[in-house]
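**Q** below are the sequence and a predicted model for it; my questions follow.
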Amino acid sequence: MNTYTWPQGARTVVLLTVNFDAETFDLKETAPERMFGRYSYGRYAVRAGFPRLRELLSRHGVPATFFVPGGDARRHPELVRELAADGHEIAARGVDLENFATLGDKESEVLASSRAILGDITGTAPVGFRAPGGELSSRTLGHLAAQGFLYDATFQDADHPYVFSVGGGKQQIVELPSNFALDDAPIYSARHTHARLQTIWRDEIQALHAESVLIPITLNLRGDFGSTRAARIAVLDTLLTEIKQLGDVRFMTCQQLAEHTLSLNLAAQPDPFLAHAETLARTEYRGDLAIKPL
Amino acid sequence: MRQKTTLPEDMRCVVLIGIDFDGPSHEVGRGIAPLGKHSWGNYSARCGVPRHMDMLARHGIKGTFFVPGYDAERHPDTIAQIDQRGFEVAAHGYLHEAWELGLEEEETLLRKTDRILRDVLGKPVLGWRSPSGRKSDRTMAVLKSMGYIYDSSDKDYDRPYRLRFGKGAEDVIVELPNNTYSLDDFPFYKFSHTPPSEVLGQWKAEFDAIYGVDRFFVMSLHPRAGWGSGTPSRTRALSDLITYMKGHDGVQFMEYRAFAQWCQQHRDNLEEVSFA
């Protein structure tokens, strides 16, 4: 089996990924006529957050991958085109932030529709996907491969990209795993300070770089748990400067890294559901393990 | 309150590093497919366990891996490797049952996991840590009947003790109590989003206090991604903690089973508490 190697000259690769989740997120909670007040954090994403993040990325000269829900892309096609024109990658994220774990027969249709919406706007069909809420079903990877997607970026279970064998071994899909600690949403939604996120990310990034493993960063655009408020952009500014100083770091889009991964001819990992299918079929659903303060 | 167990002077402080394997069993047992954001458990066998073994080997110290039976079925090579590299493998539920079990079901699962681990290892398993810390007044009798010599699930004491669970002369098991509130990675990384450098500070402070008083330091760690310590930053925090502890006189890093055997051989040093 071939081992993972980074592109020539790179000690590690940084993936800057952005979950575009704007009004689609609020529309899961409320009706269109009530998208004001507490349900306007998504509008912040496109009015205030977007230009600020775009400027930061352009100032640092680094590419990012934006996972854009179809609904948000329809509402803001000009923003999607601006990103593409800046050299950022546009990737799929469902249409209305559907939960893919429970979509059932509609899954394939939603995926195809999200792909078509983005393709119509940018002129190029997206090749990547990240499941809304991180939830996918036993069939999602198969649908992705069948529809011509190159990669998924939803799993959180490896230090390097890898390849899944799906569709009974006939197809492959690249997995670009992300990292829970390098996602702004869990930290900011728990109301932690910007300084705390900065410390966590500094600790995490230094250690990932030291071990030459993937540095996958997940940003959100929203005004509540996203990274686009002025003070949070300042944190990102500092972190990006520090990352560049680590040495031999390559910023890539997800598509670039997925193509590099395929070129390595890695042994494919088995379908991640099959080994558990039988047990899951007879196991009661208990929900995610959570701890709450007393 | 004076705690009655006493360690001899030459055992200045005992450190037990316990690593709960917690692979996909954690999600599968709750009816959740280990896909997408629920895939953290796959990281254990793929990255976290090898990284932890390498780190412990660099320090030349022992540790114990508590493994759910379901994960051992899916990763027998990793479990065999843990044993071959000189680390202890102990039991940790079947599907990481973090809910109340009936007595009969509990016994069935304890025996099932024991059989799985023994088959992989070709040797007896000597200890157990409850997944999520649930156990009953009957659990210890089942462990004992399988030849287990210790449990590490209770939270009721700072020192090891002899837990009497019945009236018979042999109805005693060594209890190695743990602290999953602050000597565990899960609360900090899942719940409070504490930076690894700050977690290191917290654990050093715990060690300082324990070194001066109870001299018995028991850690509960997880090699999975997400809220575990398998990733580079967190394994580094753990490694830095070990370096810090090694800088103190008379610190003994032991496997749980070796320390439990010591406790069996030095019963006069241990307080006995009866729940019979």
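**A** That came through fine.
**Q** CA only for contacts and neighbour counts going forward, please
**A** OK.
**Q** could you report the pLDDT at the residue of the stretch 51-200 of chain B found nearest chain A?
**A** Nearest to chain A in the stretch 51-200 of chain B, going by C-alpha to the nearest C-alpha, is B:Pro195, at a distance of 4.4 Å. We note a pLDDT of 98 for B:Pro195 in this prediction.
**Q** so what does A:Arg38 look like in phi/psi?
**A** phi -60, psi -20 (degrees, to the nearest 10).
**Q** stretch A:203-215: how far from the chain's middle?
**A** Mean-position distance between stretch A:203-215 and its chain equals 19 Å (C-alpha atoms, centre = their mean, to the nearest Å).
**Q** any buried residues in that stretch, and which?
**A** Residues A:203-209, A:212-215 are the ones in stretch A:203-215 that count as buried (16 or more other C-alpha atoms under 10 Å in any protein chain shown).
**Q** alpha carbons of the longest strand along chain B, as PDB, please.
**A** Scanning chain B for the longest strand, with DSSP state E as the assignment, gives strand B:13-20. Only the C-alpha atoms of strand B:13-20 are listed here, as PDB (Å, rounded to 0.1, in the frame of the first residue of the first chain):
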ATOM      1  CA  CYS B  13       3.500   8.100  43.800                       C
ATOM      2  CA  VAL B  14       1.900   5.500  41.500                       C
ATOM      3  CA  VAL B  15       0.700   6.700  38.100                       C
ATOM      4  CA  LEU B  16      -1.800   4.600  36.100                       C
ATOM      5  CA  ILE B  17      -2.300   5.700  32.500                       C
ATOM      6  CA  GLY B  18      -5.600   4.200  31.300                       C
ATOM      7  CA  ILE B  19      -6.600   4.700  27.700                       C
ATOM      8  CA  ASP B  20     -10.200   3.800  26.800                       C
END
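**Q** that strand: partners in the sheet, and parallel or antiparallel?
**A** In the sheet, strand B:13-20 lines up against strand B:64-67 (parallel), strand B:216-221 (parallel), strand B:251-254 (parallel) (DSSP bridges).
**Q** hey, where'd the strands end up in the chain?
**A** Looking at chain A here, since you left the chain open. Assigned by DSSP E, chain A shows strands spanning A:12-19, A:65-68, A:89-92, A:128-129, A:151-152, A:162-166, A:171-175, A:215-220, A:249-252.
**Q** chain B was what I was after
**A** Here chain B has its strands, by DSSP E, at B:13-20, B:64-67, B:88-91, B:127-128, B:150-151, B:161-164, B:172-175, B:216-221, B:251-254, B:272-274.
**Q** report the buried residues of the first one.
**A** Spelled out, that is strand B:13-20. Neighbour counts over strand B:13-20 (16+ other C-alpha under 10 Å) mark B:13-20 as buried.
**Q** that older thread, out of the buried residues of stretch A:203-215, which touch chain B?
**A** Restricting the buried residues of stretch A:203-215 to those near chain B by C-alpha under 8 Å from any C-alpha of the partner chain leaves A:203-208.
**Q** max pairwise distance over these: which two?
**A** Distance extremes for these: the farthest pair is A:Asp203 and A:Leu208 at 8.8 Å, using C-alpha to C-alpha.
**Q** what is in contact with those two at once?
**A** Residues touching both A:Asp203 and A:Leu208 (C-alpha atoms under 8 Å, 6 or more residues apart in numbering or on different chains): B:Ser233.
**Q** pLDDT value on A:Asp288, please?
**A** 85.
**Q** quick check: closest non-adjacent residue to B:Pro124.
**A** Spatial nearest neighbour of B:Pro124, excluding adjacent residues (C-alpha to C-alpha, 6 or more residues apart in numbering or on different chains): B:Arg118 at 5.6 Å.
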